[in-house]
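A.B. asks: Here you go, sequence then predicted model.
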Amino acid sequence: MSYNVIVHPANAEPIEGEIDELPTANATFIAIKNPRRRSNRDLDWLDQRTTTLLISFAHLVSVELSSPHNSEDLITKYYGSSAR
């Protein structure tokens, strides 16, 4: 099952894309296919030929997941320390 995902890096704009499966409990990164801005525009700092972006969970504040078939079901997972 494929999921639409919006990742929120620390001190950066959100990145939207797709993932094939949910990360495991011991995962250290997330692999985002077709990375783009939330406005569906290309990311300026990313090469145009890039199809998959790997982002370490250490650099993320939160991850939003939704099924493409029912985008109203939204799950938000928080990774990293809870202290800010």
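C.D. replies: Nice, thanks for sending it over.
A.B. asks: For stretch 31-46, measure first residue to last.
C.D. replies: Distance between the two ends of stretch 31-46: 15 Å, counting by C-alpha to C-alpha, to the nearest Å.
A.B. asks: any idea which helix or strand carries residue 63?
C.D. replies: Secondary structure assignment for residue 63, by DSSP states H and E: strand 60-66.
A.B. asks: partners of that strand in the sheet?
C.D. replies: Using DSSP bridges, strand 60-66 pairs in its sheet with strand 3-9 (antiparallel), strand 74-78 (antiparallel).
A.B. asks: can you tell me which of these the model trusts least?
C.D. replies: Among the strands paired with strand 60-66, strand 74-78 carries the lowest mean pLDDT, at a mean of 58.
A.B. asks: what sits against residue 29?
C.D. replies: Residues near residue 29 by C-beta atoms under 8 Å, 6 or more residues apart in numbering: 54-57. Where C-beta positions appear, they are placed from N, C-alpha and C, glycine not excepted.
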